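1. Pasting a predicted model and its sequence here:
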Amino acid sequence: MEARLIDELRRLLARERVLTSPEELAVYSYDGTFLESKPDVVVLPHTTAEVASVLALADRERVPVVPRGAGSGLAGGSVPARGGIVLGTNQMNRILDVDTVDMVAVVEPGVINASLQAAVEAKGFFYPPDPASLKQSTIGGNVATGASGPRCLKYGGTKDYVLALQVVLPGGRVARCGGRMIKNVSGYNLSQLFVGSEGTLGVVTEATLRIIPLPKARGTVLAVFPRLEDAGEAVNAILGAGVVPLALEIMDQTAIYCVEQYLHAGLPLDVEAQLLVDVDGDECSVTQQLQVVSDTCRQRGAREVQVAADKAESDRLWAVRRAISPSLGRLKPNKLGEDISVPRSAIPEMVRRVAAIARQYDLLIPLFGHIGDGNMHPNILCDLRNPAEVERVQAAARAIFDAAIGLGGTLSGEHGIGLLKRDFLPQSLDPNALALMRQLKATIDPNNIMNPGKVY
């Protein structure tokens, strides 16, 4: 970028919130993937007005702007592939309101997901979306990617809790979409247009989110299966038995091995899969659901079924699940974390196909994720220093995408498209739907400054 533009940014924001040193730029050059590209400058606004002033300058000068929360994304969405300005929202981190009558929370984009959950639970309420990165990912990033998490099986993902947004558009225009009311069909549902848009249409500077009463009780079941396919079949059997779990997660044998090497938690290494099932509700309902889940897993081939005795034991079981991603480095230094989603009826077949693809390309592909809603995370382990292995990884990723789409599924359930899946998007969408998305992008961002090169 020209020096004059950086000087202008320093006049618009405090000098210390315009970062240009090589060390500072390096910090904002990557996300949760292996992709990396440095911006020309990083700005850290504190207000909507400051965001608007930055977007006005960028639009006038045709400078790319990449909105960024915590940088924990898994699709390359916040990597500044074309340089320009990284606009970090992490210092806009106030919880503005928690209203227990309207049952809404109003937050700035830099609020950490776990911080919001703690704030509403202190008042007896519940914000269900819980991505694995909940202790570092921000609400702005959750909205931008349409993040979900284990609890979305029963309660839905971020998109189901966004009632209203304040968004700064290219050129500095500020738009408010939606409201605090439960029902609202006045015009187009513009709030949902920005959910999952990955920063390609504007910058969210305020979100009004629905919250719900906190369930009174919760229970956890861990079921261990000698056969992976039996675990996949058990998922639909649990749902068919009338139980809608709070969460229903799978870990395959490779994932179990990695976590055991990482945590030394005493996990069995001679089984192909385990299911972790959470249920909630009132005390009586939870007791009944735990029994149904336990019986169903045994009927479908579980070798061992454990019901957590209390919250502490439940938390220990969930610590195992959340340790999967950091543990995979025990086998390979790099991973390509996929995020396919298929209809529930296709879950067992998708499990079989991922295992077959791993064998076909001689790769380790641990399978885990929110299998209860069909959202699975096959992680292809690799060493990026090995070109032959990287070629097999790319071929395996294509095969996984083809399998998911062939079963009526899609490329992403919660991570987004970003850079990693951009070239595969035409396979997953109707051509006219894709053309409409491009038209919307061109209308809102005619100069293509907002996160250019992502998604499309």
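-> Received the coordinates, thanks.
2. biggest helix in the chain, by residue count?
-> Counting residues, the longest helix found in the chain (DSSP state H) is helix 387-406.
3. Can you name the next helix or strand after that helix?
-> Once the chain leaves helix 387-406, the next helix or strand it forms, by DSSP states H and E, is helix 425-428.
4. Can you point out the buried residues in the helix or strand following that next one?
-> If you walk from helix 425-428 toward the C-terminus, the next helix or strand you reach (DSSP H and E) is helix 431-444. For helix 431-444, a neighbour-count test (16 or more other C-beta atoms under 10 Å) marks 437, 441, 444 as buried. No exception for glycine: its C-beta is placed from N, CA and C like everyone else's.
5. Please apply the same query to stretch 339-349.
-> Residues 339-342, 346-348 are the ones in stretch 339-349 that count as buried (16+ other C-beta under 10 Å).
6. Quick one: mean pLDDT over it.
-> Taken as a whole, stretch 339-349 has a mean pLDDT of 91.
7. same deal with stretch 173-189?
-> Here the average pLDDT along stretch 173-189 is 95.
8. Adding pLDDT and distance to Gly172, write the buried residues of helix 431-444 out as CSV.
-> Below are the buried residues of helix 431-444 laid out as CSV (pLDDT from 0 to 100; distance: C-beta to C-beta, whole Å):
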residue, pLDDT, distance to Gly172
Met437, 97, 24
Lys441, 98, 18
Ile444, 98, 13
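9. Spatially central residue for the protein, please.
-> In the chain, the residue lying closest to the centroid (C-alpha atoms, centre = their mean) is Ala147, at 3.7 Å.
10. Go ahead and confirm that one touches Pro129.
-> Yes: counting by C-beta atoms under 8 Å, Ala147 does reach Pro129; the two are 6.3 Å apart.
11. that older thread, distance to Ile256 added to the buried residues of helix 431-444, as TSV?
-> Formatted as TSV, the buried residues of helix 431-444 follow (distance: C-beta to C-beta, whole Å):
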residue	distance to Ile256
Met437	39
Lys441	42
Ile444	46
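12. which of the residues you listed lies closest to Leu25?
-> Lys441 (27.0 Å; C-beta to C-beta).
13. list the contacts for that closest one?
-> 200-201, 448, 456 (C-beta atoms under 8 Å, 6 or more residues apart in numbering).
14. quick one: which of these is most hemmed in?
-> Thr200 (26 neighbours; other C-beta atoms under 10 Å).
15. how about that one, phi and psi?
-> Note on Thr200: its backbone torsions stand at phi -90, psi -10 [degrees, to the nearest 10].
16. what sits against it?
-> Contacts of Thr200 (C-beta under 8 Å, 6+ apart): 441, 445, 450-451, 454-456.
17. do that again at 10 Å, thanks
-> Applying C-beta atoms under 10 Å, 6 or more residues apart in numbering, we find Thr200 in contact with 66-67, 77, 144, 194, 417, 437, 440-441, 444-445, 448-456.
18. residues shared between the contacts of Ala147 and Pro129?
-> Jointly contacting Ala147 and Pro129 under the rule C-beta under 10 Å, 6+ apart are 113, 139, 157-159, 414.
19. Among the residues you listed, which one lies nearest to Ile371?
-> Of all the shared contacts of Ala147 and Pro129, Ile371 sits closest to Glu414, with 13.3 Å by C-beta to C-beta.
20. Can you read off the backbone torsions of that closest one?
-> When read as degrees, to the nearest 10, the backbone of Glu414 gives phi -160, psi -10.
21. Check Thr138 too.
-> According to degrees, to the nearest 10, Thr138 has phi -100, psi 160.
22. Please list all residues in contact with it.
-> 68-72, 88-90, 92-93, 107-113, 115-116, 144, 147.
23. now these: which count as buried?
-> By 16+ other C-beta under 10 Å, the contacts of Thr138 give 68-72, 88-90, 92-93, 107-113, 115-116, 144, 147 as buried.
24. Show me those residues that map onto helices.
-> Residues of the buried ones among the contacts of Thr138 located in helices (DSSP H): 113, 115-116, 144.
25. does Leu328 really touch Asn379, like I thought?
-> Yes: Leu328 lies in contact with Asn379 (C-beta atoms under 10 Å); the separation is 5.9 Å.
26. Give me the common contacts of those two.
-> 254-255, 258, 335, 337, 364, 366, 368.
27. Secondary structure and neighbour count added to the residues you listed, as CSV?
-> CSV is the format used below for those (DSSP: H, G, I helix; E, B strand; the rest coil; neighbours: other C-beta atoms under 10 Å):
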residue, secondary structure, neighbour count
Thr254, helix, 20
Ala255, helix, 26
Cys258, helix, 27
Lys335, strand, 22
Gly337, strand, 20
Leu364, coil, 16
Pro366, coil, 27
Phe368, strand, 25
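28. ok, so of these, who is nearest Glu121?
-> Within the shared contacts of Leu328 and Asn379, proximity to Glu121 (C-beta to C-beta) peaks at Phe368, which comes in at 26.4 Å.
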